[in-house]
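> missing the sequence, but the structure's below:
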């Protein structure tokens, strides 16, 4: 698995100057080192398919951990579900693994599953900024994996642009 930190630093837990400076600058959060270590262990033991996968970022919000990855050709959705389940057991939080995408609708669909996304609206605010509104059916609100504010914060962090969830 391709990760932003050095393999040796993650495996040993002792960070070199470069890796420590990445954490100090906020490019990598300190909890991500543990996540990367578990993923590298899984690559060695159970999931050889993780070798061609790229780890981009992890976000932790309340009781939800969101991993942004790019899958290799042999990594299937079912295998990602198993990896998420193992991470959930080891870390004690809900885990969602998302494919990296610049499309907000694609990311929202992956994050909000099993609830369906009806659409994504672009709202142009008077000050010239843009905000996105992800629409979800009121009948599927109960299927959301977390509360709306956490999911809004997650989508906003992932895309670095304000995102709101509207239940209609």
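Yep, it's here. Small disclaimer: the values here were computed from a predicted structure and weren't measured.

> For the chain, just list every one of the strands.
In the chain, the strands defined using DSSP state E lie at 54-61, 64-70, 94-99, 117-124, 130-136, 163-167.

> so which of those strands gets nearest residue 76?
Nearest of the strands of the chain to residue 76, taken as C-beta to C-beta: strand 94-99 at 12.0 Å. From N, CA and C alone the C-beta is placed, and that goes for glycine too.

> List the contacts of residue 10.
Going by C-beta atoms under 8 Å, 6 or more residues apart in numbering, residue 10 touches 3, 19, 33, 36, 37, 40.

> Can you tell me which of those residues is nearest residue 130?
residue 3 (31.7 Å).

> Okay, domains of this structure per the record?
7-99, 104-167 (automatic domain parsing).

> can you list those domains in a markdown table and add mean pLDDT?
A markdown table is the format used below for the domains of the chain (pLDDT from 0 to 100):
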| stretch | mean pLDDT |
| --- | --- |
| domain 7-99 | 86 |
| domain 104-167 | 90 |
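
> still on that earlier bit, of the strands of the chain, which is nearest residue 151?
That would be strand 163-167 among those, by C-beta to C-beta, at 5.8 Å.

> okay, the angle between that closest one and strand 117-124?
Angle between the axes of strand 163-167 and strand 117-124 is 130 degrees (criterion: axes from the mean of the first three to the mean of the last three C-alpha atoms, to 10 degrees).

> For strand 163-167, list every residue counted as buried.
163, 164, 165 (16 or more other C-beta atoms under 10 Å).

> As a check, name the ranges of all helices in the chain.
7-12, 17-25, 30-45, 77-91, 104-112, 148-159 (DSSP state H).

> wait, which of those helices is closest to residue 64?
helix 148-159 (6.1 Å).

> just checking, residue 70 touches residue 99?
Yes: shown here, residue 70 and residue 99 form a contact pair, counting by C-beta atoms under 8 Å, at 6.7 Å.
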